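Novice: Please work out how this folds:
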Amino acid sequence: MNQNRKVQHCLEKSNAKYVDSAKSDILGALAEFKDLLPDTENFTFPDGKRKLAFRLHGTIPVFYKGVRYNIPISVYLWDTHPYYAPICYVSPTPTMVIRESEHVTKQGRVFLPYLSEWRFPGYDLNGLLQVMAMVFQEKCPVFAKNSSSSSSTPTPSSTTSQPTPSYPAPYPSASPSLPTPYPTTPAMPYPNQTPYPTTNNQFGSGYPPYPQPSISTRTPPPVPAPPKPSPAISAGTLQPEHIRASILSALEDKLKMRLREKIGTSHAEITSIRETQSELQAGQRNLRRMIDELEKQQKLLESYIFAHQDKKDELSRTLAECGGDNGENKTMDIDAAIDAATPLHRQILTNYAQDLACDDVIYALGQALREKKISVQDYLRCVRDVSRKQFIYRATMQKCRKAAGLPI
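Specialist: Residues are numbered from 1 along each chain as shown. Here you go, the predicted structure:
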């Protein structure tokens, strides 16, 4: 199983909620720190819940007093990673002693401002491991136990990655006057009962002791040759220019990351602003079209108002001419007041009025028959006479309309 699939499998096994984001973050860290391996382990989180958690365990390279050491660590991830800060431990082997400091407790728990200020994507596993390496460079978190079986000086470890985490490299001695090595031991798995192994009861805090390997008194096998060190490392000192170059490189990476974040945020904001601008411009065009249409309707309504006012004035003048103040309008025939423009149209109007009158007569005859005011014979006779007249009126009206060029 390659590393990509293994990380995916471990994340799914630990019920990670953000698998894609966590996987990208973890693979980025593993690409820089190749001695770390992913797996899962039952772990008791600070909130008291014990469950299966994703773990990165192995070693990270640290230059302490000019010599490279591989510091064993374990990093436990919450199921909400990368949006919640990981939990880090220094995981010493049985031949090591934890050195307590302001960043490392005697149980091995690592506390850093980087963890307390964790905020993804500005903070990630790769940056966390780099910060841990820089902090451990100032004050190494573990030392080798004093041993009477050997008095040789420490040797820098090889950077060759192993399939399982093993720690063949020597560590600084707890005694500053006499650095003491420890023999190479076979790789040993971490116990599932505790979040990190302890060295012995003298330095532990109630956790079960780590199983002690059988250490042979024979001469330890040769350690793989380390890469050729620079002159400054060979001399056992780290020159200021190397520290400055390391700090500048870390600062450059951090600035590039922050710059990418700012550029990405600005680009997203600009895209959103452009979309909003396009929507506003489209809305502006729609408003202009609606305003033009309303102006046209306003002009049309104003013309209608003027025409209505003219007709109203004309009607008032006509009524004044027809009425007068001498009371003649009281005896005036209303039918004579409304007249057609031509004799042909007057004939159409007269026949139409007679046609409507016949309809009214037939309706009245039906009501009288229903109320039994007339007999059936009288009803049929009257309807026949009225219908004959109505036929004449309608035929005459159609001829007149045809002569006037009106629709029939």
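Novice: So which elements touch the helix or strand hosting Leu259?
Specialist: Using DSSP states H and E, Leu259 sits within helix 240-323. Applying 3 or more CB pairs under 8 Å, 6 or more residues apart in numbering; DSSP states H and E, we find helix 240-323 packed against helix 125-138. From N, CA and C alone the C-beta is placed, and that goes for glycine too.
Novice: Now the strand or helix carrying Ala364: average pLDDT?
Specialist: Counting by DSSP H and E, the element that carries Ala364 is helix 343-370. The pLDDT scores in helix 343-370 average 94.
Novice: which is the next helix or strand following it?
Specialist: Helix 343-370 is succeeded, C-terminally, by helix 376-404 (DSSP H and E).
Novice: what's the average pLDDT for the strand ranked longest in the chain?
Specialist: In the chain, ranked by residue count with DSSP state E as the criterion, the top strand is strand 50-64. Mean pLDDT, computed over strand 50-64, is 90.
Novice: Convert the C-alpha atoms of the helix or strand that that strand is followed by to CSV, please.
Specialist: Next helix or strand after strand 50-64 toward the C-terminus (DSSP H and E): strand 67-77. C-alpha atoms of strand 67-77 as CSV (Å, rounded to 0.1, in the frame of the first residue of the first chain):
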residue,chain,number,x,y,z
VAL,A,67,25.4,17.7,15.3
ARG,A,68,22.4,16.2,13.6
TYR,A,69,20.0,14.1,15.8
ASN,A,70,16.8,12.3,15.0
ILE,A,71,14.2,13.3,17.6
PRO,A,72,11.3,10.7,18.0
ILE,A,73,7.9,12.3,18.1
SER,A,74,4.2,11.3,17.8
VAL,A,75,1.6,13.6,16.4
TYR,A,76,-2.1,12.8,17.0
LEU,A,77,-4.8,14.4,14.9
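Novice: Just after strand 67-77, pick out the following helix or strand.
Specialist: Toward the C-terminus from strand 67-77 - assigned by DSSP H and E - lies strand 87-90.
Novice: coming back round to it: buried ones in the helix holding Ala364?
Specialist: 347-352, 354-355, 358, 361-362, 365, 369 (16 or more other CB atoms under 10 Å).
Novice: buried sites along the longest strand of the chain?
Specialist: Ala53, Phe54, Arg55, Leu56, His57, Gly58, Thr59, Ile60, Pro61, Val62, Phe63, Tyr64.
Novice: can these go into a markdown table with extra columns for distance to Leu259?
Specialist: Shown next, in a markdown table, are the buried residues of strand 50-64 (distance: CB to CB, whole Å):
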| residue | distance to Leu259 |
| --- | --- |
| Ala53 | 33 |
| Phe54 | 30 |
| Arg55 | 32 |
| Leu56 | 28 |
| His57 | 33 |
| Gly58 | 31 |
| Thr59 | 32 |
| Ile60 | 26 |
| Pro61 | 27 |
| Val62 | 28 |
| Phe63 | 28 |
| Tyr64 | 32 |
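Novice: packing partners for the longest strand of the chain?
Specialist: helix 3-13, helix 19-32, strand 36-44, strand 67-77, helix 125-138.
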